Every structure is written in structure tokens, then in C-alpha cells.
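A.B. asks: model the structure of this input:
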Amino acid sequence: QVQLVESGGGLVQPGGSLRLSCAASGSIFSIITMGWYRQAPGKQRELVASISNGGSTNYADSVKGRFTISRDNAKNTVYLQMNSLKPEDTAVYYCNAKIITDRWSGAMINYWGQGTQVTVSS
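C.D. replies: Predicted coordinates:
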């Protein structure tokens, strides 16, 4: 079993900053990609940012220049530094990881965290 545990959400004023963390634990052979998605009320879940095990990153256009994703492979942890937050960033943020648990099969499984609320409001 694999668990993703998120932390760092909360309420922040427009222009403020927050840092999200997500730690993966359990039966892990290799983590291929880690990332963050978000879902606002009435909207579909969307990719915010992702990072490969080699460090390649991908960002949604709406967060480029404001958010930074990073990863500590030794700790199986991914971070999302969010700066210059806007009210439209308000959403539940979900950690995602694509993980190989069985070295022999090599099958990659998609795991999700429980979600953490980020609210940007004055």
C-alpha cells in the first residue's frame, strides 16, 4: 500500500504565499512523476504542476511564474511553492504520484492524496 499525505493548505490574502507538501510512503520501488492538481467548486480537476524523477517540470499556464514545484527524491516528497496568490487559485489541491511498487512487473499505478484546501480571500 502507498499513502500520500499532504500538508500546508489554508487561508491567505491575495498576493500572499503558501507552501504545500506531499510525502509518499509505503511499498515504493520507484516514483516516476509527482504533481499537484486542483479542483474548484463546479469545475473539473486540472493539472497545476508536475515534476519527473529527473527534475523536468510542467506548469499550467495560469500559474507559470508564480508557482514552483520541487521534489526531494530521498524523502519521496514533493513541494509546491505558491506566490502571488489570486482568488482564482482557491481550490482543493490534490497531490498525485505515479509509482512503481513492484520491481518485477514494472506496473505504474496512479495515487492521489486526500486533498488540502487553499482559500485566497481578503
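A.B. asks: of all the residues in the helix or strand harbouring Gln3, which ones are buried?
C.D. replies: Gln3 belongs to strand 2-7 when assigned by DSSP states H and E. Within strand 2-7, the residues that count as buried by 16 or more other Cβ atoms under 10 Å are 4, 6. Heads up, the C-betas are built off the backbone N, CA and C, glycines and all.
A.B. asks: also stretch 39-54?
C.D. replies: By 16+ other Cβ under 10 Å, the buried positions in stretch 39-54 come out as 48-51.
A.B. asks: low-confidence stretches in the chain?
C.D. replies: Nowhere does the chain drop to pLDDT under 70.
A.B. asks: so Pro41 belongs to a strand, correct?
C.D. replies: No: going by DSSP: H, G, I helix; E, B strand; the rest coil, the assignment for Pro41 is coil, not a strand.
A.B. asks: any idea how far Ser17 is from it?
C.D. replies: 23 Å (Cβ to Cβ, to the nearest Å).
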